[in-house]
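# show me how the following folds:
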Amino acid sequence: MPSDPATTTRLGRDGPAVSAFCLGSMTWGTQTPPEDAHRQIDMARDHGVTFIDTAEMYPVNPITAATRGRTEQIIGDWIATHGRPDDMVIATKVTGIDSDVIEGGTPPLTPARLRAAVEDSLARLRCGCIDVFQLHWPDRDTYHFRENWTYHPPQEDADALRDAMLALLAEAQDLIREGKIAHFALSNDTAWGMAQWLGLARAHGLPRPVSLQNEYSLLCRLFDTDLAELCALEGVTLLAFSPLAAGLLTGKYAGGVTPEGSRRSLRPDLGGRITPRVFEAVSAYLGLAREWGLDPVQMALAWVAARPVPTVPILGATTAEQLATQLPALTLSLPQGLAEAIDEMHRLHPMPY
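Below is the predicted model of the structure:
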């Protein structure tokens, strides 16, 4: 039986109560074999982590049509063996356009695409209801995935974008009424996007997004201004993915080292995160952890969990051994003064990628 987590977090104003940390799964089925993935679920539950995030697109490294849904199937196999515990909360996602996850090109997000993705995910997960169903990214251009350096705002008609959003919200409402999903949420969206979704939901009595899953870490803090204000005032929870900056904050890539079997061995630039300034910033945070007598992995995760906007860090581990080094962060409180020291470090090393 899982132990009680140190705290729980409610997603949004009316979403589910979830464990303070979430278990990520994006490598399950490529870098992580099914037996190790199941071990991670067991380990996480033993530490009170009962919230799992996945996606139809997973596994990654690489993303292919041939492996679409394999991660959900691995989770479904665990559920088939153990039964679905009452406290297990599952979040998954429908893939947006410009992905290789569907042969011939992933189609736009339409009500029919949303429904088909829900039905497929339910079958793979072998569960009756998906607790949190997310749009993996919007169909319009945004500044995520390092696109902020060359970002050009979308030129689409805003009313047409809102009409498409409204149609998706109406379909989400139908899926909720049918008991196939419980809550609607977003991922890789922006302040404008979230404001539109919230406004449409309010005006039409449709499902309100309960969470926003965006990248967030000591090295990636695009969320900290307009989005932070919006989520704080509107009651939207941040699900922070890559809180260890794709492994950079573990220190394993320091000095340009690329361990065999690591994510960098498959993606040398770590999705655009390897830049001329990044290792100087990593070294600074590793040094700060040493100065305060903390494990840098646990410091980075505890810092994300303690942000002023309600935030759930998503743990990501290729192996159960890596997960074991992260789990102590669940009960770690940052020493007084460390948050201020981190803020000063951020001023010295802003936006390293």
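# where are the low-confidence patches of this structure?
Applying pLDDT under 70 to the chain flags the ranges 1-6.
# could I get the full set of helices for it?
Assigned by DSSP state H, the chain shows helices spanning 34-46, 70-82, 111-125, 158-177, 191-204, 226-234, 263-266, 278-291, 296-305, 320-326, 338-348.
# out of these, which gets nearest to residue 62?
helix 263-266 (7.3 Å; Cβ to Cβ). All C-beta atoms are positioned from the backbone trio N, CA, C, and that covers glycine.
# strands along the stretch 1-150 of the chain, start to end?
8-10, 17-19, 22-23, 51-53, 89-94, 130-135 (DSSP state E, counting those that start in this stretch).
# kindly reformat the ones you listed as TSV containing distance to residue 254.
Formatted as TSV, these follow (distance: least, Cβ to Cβ, whole Å):
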stretch	distance to residue 254
strand 8-10	32
strand 17-19	31
strand 22-23	26
strand 51-53	28
strand 89-94	32
strand 130-135	33
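# now distance to residue 206 and mean neighbour count too, for those, in a markdown table please.
Formatted as a markdown table, those follow (distance: least, Cβ to Cβ, whole Å; neighbours: other Cβ atoms under 10 Å):
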| stretch | distance to residue 206 | mean neighbour count |
| --- | --- | --- |
| strand 8-10 | 20 | 17 |
| strand 17-19 | 22 | 21 |
| strand 22-23 | 25 | 26 |
| strand 51-53 | 23 | 27 |
| strand 89-94 | 17 | 25 |
| strand 130-135 | 14 | 25 |
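# for the protein, identify the residue most remote from the centre.
residue 291 (29.6 Å; Cα atoms, centre = their mean).
# now that one: how far from residue 34?
As for residue 291, its distance to residue 34 is 40 Å (criterion: Cβ to Cβ, to the nearest Å).
# could you do residue 150 as well?
Separation of residue 150 from residue 34 (Cβ to Cβ) stands at 39 Å.
# higher neighbour count, the two?
residue 34 (16 against 7; other Cβ atoms under 10 Å).
# I figured that one hits residue 77, correct?
Yes: counting by Cβ atoms under 8 Å, residue 77 is a contact partner of residue 34 at 6.7 Å.
# closest to residue 330 out of the strands of the stretch 1-150 of the chain?
Ranking the strands of the stretch 1-150 of the chain by proximity to residue 330 (Cβ to Cβ) places strand 17-19 first, at 8.4 Å.
# and that closest one, what other elements does it pack with?
Judged by 3 or more Cβ pairs under 8 Å, 6 or more residues apart in numbering; DSSP states H and E, strand 17-19 is in contact with strand 8-10.
# quick one: strands adjacent to the strand it packs on?
Strand pairing for strand 8-10, using DSSP bridges, gives strand 17-19 (antiparallel).
# count the neighbours of the closest residue to residue 143 other than its chain neighbours for me.
Using Cβ to Cβ, 6 or more residues apart in numbering and skipping the chain neighbours, the partner closest in space to residue 143 is residue 151 (4.2 Å). When neighbours are counted by other Cβ under 10 Å, residue 151 registers 12.
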